[in-house]
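S.K.: Sequence plus the predicted model coming up.
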Amino acid sequence: MPRVPYWNINYGLLIDALAIPMMAVFLYGLYRHWARIRQGKARIRLSGPNLPGKIGPVFVSALFFRGILGTRIYKKIYTGIAHGMLLWSMVVLLIGTTLTFLNVLFGLPVFSGNFNRWVMAFGLDAAGLAALIGLAFLLLHRLIPPDRLIQPAQRLGFTPIVGLLGLVILSGFFVEALRIAQTRIDAGAFVGNWLAGWVNGPFAMSLHQGFWWAHGLMALAFIAYLPFSPMVHMLLAPVNAALANPMPGPKMGVIDFASFDNETDDEMPTLGVAKLTDFTRKRLLDFDACLWCGRCHEVCPAAQTGKPLSPKGVITTLAQVLTTADRQDDSLADAVGVEAIFCCTTCAACMEACPVCINQPKSILKLRQNLVMERSEIPDLMGKANSSLEQRQHPFFGTSAGPRDWRKGLQVPVFEAGHTEYLLWIGCTATYEERAQKIARAMVRILEAAGVSYGILEQARCTGDPAKQMGNEFLFNEIARQNIQDFEALGIQKIITLCPHCYNSFTRHYKMLGTTYEVIPHSVLIETLIATGSLQINAGNQTICYHDPCYLGRRNNILDAPRQAVRAVGKLVEMPRHGRDSFCCGGGGGNYWAEEAGVRINQTRAQEALNTGADCIAVACPFCLLMLTDGCKKFTEEQKAFDIAELIAKQLKIN
Ligand code: SF4
Ligand code: SF4
């Protein structure tokens, strides 16, 4: 005989009637979140001409994997499994409750036969049990929190909602057990059948009624309370992850200064972000969806070396401002901390670690842009680098190197329009920093040996990326537009970069200014030349530890090619933090020109590399080379860090 809904219950439909006001409270709670988020700038236009292009396979895959399946949460295996158990169990329990309603309203036969046994009995019991285990783990995790949950601040308010959910599930089991005890075994309901043996007694019928009402009322209270509690992340986090840019690393965008020409001063928009409502709606959703989990905090090179910056601290501060009336206060940077804002190396480790795909670096950079361009606030050394870039077209103030020094003694061809295939873009670092000049010299030897058609620009140049990372978008625009103009005159279409920052700038930011260059990082080209037999090298037997530059690995997912190049000249050794989980050298975001207080990031990374016991450290970025060369000095007098180009050039067969 099928199970009877509302068995032993009078006026059970009252619960259904109560569900209506409770759902109204729930919807009002969600509306409050939307009302906050909609105060940001709208960027997604459903009528936009590019929308069909944006909703491509990459977006759909991100929506499914990051948004719906929440794959990133499992990067921490135990908390990931606990979250997964809770989330998916609740989905199953919600489906079970809906089917029960459909049975009451339309007589859907869900309480008979195998469907009842495997879905309504076994399925729901298994889901309830899994939810309880997940909840117990997460509750314990909150009661004995790891450092990342409490640094720099802990989110309060989880215990009541977690406790309430636990009581809803437990009372559900008691309702089931008391019904079974007074009727018959429900095949499949393994928890209810087991518990029935313990709860049967003279008051079982009354107890059943009591638990039934308590279960129903607590479930409704949970639904109504959910959007007002921290557990609302169950709803916001998947949406945020689904809407996040699916490409790796933060997409910074460019400010189109040219479009402001026709506007009056009054209409000139704020540069960067001064107040909360200057952020886009997507950023405000980021803040609202933050779990305060601190996964970003524990991978941040600044936070981990005692700097005043914590990406969690930034996002949670912004999340708190979002819930207050200060959203129009234009001193947001002060609330976050001016010093903290300039500590960010833009390494994007935080973004990579974030389970809900929050874009911390972009928010930090937007605040930094405002400080630099509107308030003219910038740390001394960064300010000098900016001025040098403005006046001398490179940020290396105080350098004694001349623009041609790096190629002394070498015959380096200059790019000829209609004749040369690749522009070898030297960039400012390999031009003006003595140690980095060796990368350019090594690359020239490699290209010559492989017979590649290449040429350099007569005049040394910078992409403008340092200005952009330091927050001076205006200067970046100026430099980038000049470069684009010159490239156009020379008909340059193919570029080899020595620096991942230049690569990132050409492929992302110049592209937004309308270019279509084919850009190849030198490490990738080297690997291709070896793989195709164009470059003959002698194998080596040294052990080499490869440090992934953030702008190559994490931001552009170029991980294998540099490793293959390293393998060609030695035995590859990995550091504990490598690939997309690599640890920054400390030089990004303009911090190459920062006075670093306390533990130095480059020394921390150098130590990690040296601890592998490798004979040398390979890098594929001039900034990483300079930072790690300096970092190693604390531990050894030997030269340990080399660019991949140097290692390969040393093994060329023509030697
Ligand atoms: S981008 Fe890097 S340095 Fe900046 S907050 Fe994130 S992890 Fe920290
Ligand atoms: S920003 Fe992401 S990783 Fe950082 S605390 Fe918030 S949810 Fe966690």
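M.R.: Yep, it's here. Residues are numbered from 1 along each chain as shown. Ligands and ions are numbered 1, 2, ... in the order given.
S.K.: Buried ones in stretch 411-430, by neighbour count?
M.R.: By neighbour count with 16 or more other C-beta atoms under 10 Å, stretch 411-430 contains the buried residues Val412, Phe415, Thr420, Tyr422, Leu423, Leu424, Trp425, Ile426, Gly427, Cys428, Thr429, Ala430. In short, each C-beta sits where N, CA and C put it, glycine included.
S.K.: what about the strands in the chain?
M.R.: 422-425, 454-455, 494-497, 518-521, 542-546, 570-573, 616-619, 641-643 (DSSP state E).
S.K.: Nearest to ligand 1 among the ones you listed would be which one?
M.R.: Closest to ligand 1 of the strands of the chain, according to C-beta to the nearest ligand atom: strand 616-619, at 17.7 Å.
S.K.: Same list (the buried residues of stretch 411-430) but as TSV, adding distance to Pro57.
M.R.: Shown next, in TSV, are these (distance: C-beta to C-beta, whole Å):
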residue	distance to Pro57
Val412	42
Phe415	37
Thr420	36
Tyr422	31
Leu423	32
Leu424	34
Trp425	31
Ile426	37
Gly427	34
Cys428	37
Thr429	36
Ala430	37
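S.K.: Widest-spaced pair of those?
M.R.: Thr420 and Thr429 (22.7 Å; C-beta to C-beta).
S.K.: returning to what we had before: okay, the strands of the chain, which one's buried deepest?
M.R.: Neighbour counts (mean count of other C-beta atoms under 10 Å) averaged over each of these peak at strand 616-619, with a mean of 27.
S.K.: So what touches it?
M.R.: 542, 544-547, 549, 562, 566, 570, 585, 606, 609-610, 625, 628, 632, 640-644, 647 (C-beta atoms under 8 Å, 6 or more residues apart in numbering).
S.K.: how far does stretch 95-105 sit from the chain's center?
M.R.: 39 Å (C-alpha atoms, centre = their mean, to the nearest Å).
S.K.: do the same with stretch 376-383
M.R.: 27 Å.
S.K.: Skipping its backbone neighbours, what lies nearest the residue in the stretch 501-650 of the chain that ligand 2 sits nearest to in space?
M.R.: Using C-beta to the nearest ligand atom, Asp581 is the residue of the stretch 501-650 of the chain that sits closest to ligand 2, at 13.4 Å. Excluding the flanking residues, the one nearest Asp581 by C-beta to C-beta, 6 or more residues apart in numbering is Glu352, at 6.8 Å.
S.K.: close enough to count as contact, that neighbour and Gly553?
M.R.: No - Glu352 sits out of contact with Gly553 when judged by C-beta atoms under 8 Å, with a separation of 9.6 Å.
S.K.: which neighbours do these two share?
M.R.: Arg580.
S.K.: between these two, who's got more neighbours?
M.R.: Gly553 (26 against 23; other C-beta atoms under 10 Å).
S.K.: In this structure the more buried one contacts Cys584, no?
M.R.: No - under the criterion of C-beta under 8 Å, Gly553 is not in contact with Cys584, lying 10.6 Å apart.
S.K.: Run through the residues of the stretch 301-450 of the chain sitting next to ligand 2.
M.R.: Near ligand 2, the residues belonging to the stretch 301-450 of the chain are Pro311, Lys312, Ile315, Ala353, Cys354, Pro355, Val356, Ile358, Gln360 when assessed by C-beta under 6 Å from any ligand atom.
S.K.: Identify, from these, the entry nearest to ligand 1.
M.R.: Pro311 (3.8 Å).
S.K.: for the closest one, what are its contacts?
M.R.: Contacts of Pro311 (C-beta under 8 Å, 6+ apart): Cys296, His297, Cys300, Ala303, Cys344, Cys350, Gln360, Pro361, Ile364.
S.K.: okay, the residue nearest to Asp581: pLDDT?
M.R.: As predicted, Glu352 sits at a pLDDT of 96.
S.K.: And for the one 10 residues further on?
M.R.: For Lys362, the model assigns a pLDDT of 96.
S.K.: Run through the residues that contact it.
M.R.: Contacts of Lys362 (C-beta under 8 Å, 6+ apart): Pro250, Lys251, Met252, Arg283.
S.K.: Ok, Pro301 next?
M.R.: So Pro301 contacts Thr345, Cys347, Ala349, Phe583, Cys584, Gly586, Ile601, Thr604, Arg605 (C-beta under 8 Å, 6+ apart).
S.K.: Kindly report the same for Leu149.
M.R.: Leu149 sits in contact with His141, Arg142, Trp292, Cys293, Gly294, where contact means C-beta under 8 Å, 6+ apart.
S.K.: filter those residues to the buried ones?
M.R.: By 16+ other C-beta under 10 Å, the contacts of Leu149 give His141, Trp292, Cys293, Gly294 as buried.
S.K.: got CSV for the residues you listed, with pLDDT too?
M.R.: As requested, the buried ones among the contacts of Leu149 are exported to CSV (pLDDT from 0 to 100):
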residue, pLDDT
His141, 91
Trp292, 96
Cys293, 95
Gly294, 97
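S.K.: can you tell me which two in those residues are farthest apart?
M.R.: That would be His141 and Trp292, which, of the buried ones among the contacts of Leu149, are the farthest apart (C-beta to C-beta) at 12.4 Å.
S.K.: For the stretch 51-200 of the chain, give the residue positioned nearest to ligand 2.
M.R.: For the stretch 51-200 of the chain, C-beta to the nearest ligand atom, closest residue to ligand 2: Arg148, 8.0 Å.
S.K.: how close does that residue sit to Gly598?
M.R.: 19 Å (C-beta to C-beta, to the nearest Å).
S.K.: quick revisit: check the contacts of Leu149 against ligand 1, which are close?
M.R.: Near ligand 1, by the rule C-beta under 6 Å from any ligand atom, you find none of those.
S.K.: Take these and lay them out in a markdown table including distance to Met22.
M.R.: Conversion of the contacts of Leu149 to a markdown table gives the following (distance: C-beta to C-beta, whole Å):
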| residue | distance to Met22 |
| --- | --- |
| His141 | 29 |
| Arg142 | 26 |
| Trp292 | 27 |
| Cys293 | 29 |
| Gly294 | 33 |
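S.K.: same for the longest helix seen in the chain, what does it pack against?
M.R.: For the chain, the helix that runs over the most residues, judged by DSSP state H, is helix 77-106. Applying 3 or more C-beta pairs under 8 Å, 6 or more residues apart in numbering; DSSP states H and E, one finds that helix 77-106 contacts helix 124-143.
S.K.: Next, count neighbours for Phe474.
M.R.: 17.
S.K.: need the contact list for it.
M.R.: Applying C-beta under 8 Å, 6+ apart, the residues contacting Phe474 are Ile255, Phe257, Leu271, Met373.
S.K.: change it to 10 Å
M.R.: Ile255, Phe257, Leu271, Gln369, Val372, Met373, Glu390, Ala467, Lys468 (C-beta atoms under 10 Å, 6 or more residues apart in numbering).
S.K.: returning to what we had before: overlap in contacts of His141 and Trp292?
M.R.: Common neighbours of His141 and Trp292 are listed as Leu149, Phe158 (criterion: C-beta under 10 Å, 6+ apart).
S.K.: Check the gap between whichever residue of the stretch 1-150 of the chain sits closest to ligand 1 and Arg155 for me.
M.R.: Nearest to ligand 1, among the residues of the stretch 1-150 of the chain, is Arg148, at 12.7 Å (C-beta to the nearest ligand atom). When C-beta to C-beta is the yardstick, Arg148 and Arg155 sit 12 Å from each other.
S.K.: Show me the common contact partners of those two, please.
M.R.: Common neighbours of Arg148 and Arg155 (C-beta under 10 Å, 6+ apart) are Trp292, Cys293, Gly294.
S.K.: I'd guessed the first one sits against Ser310; true?
M.R.: No - because the distance of 11.3 Å does not satisfy C-beta atoms under 10 Å, Trp292 is recorded as not touching Ser310.
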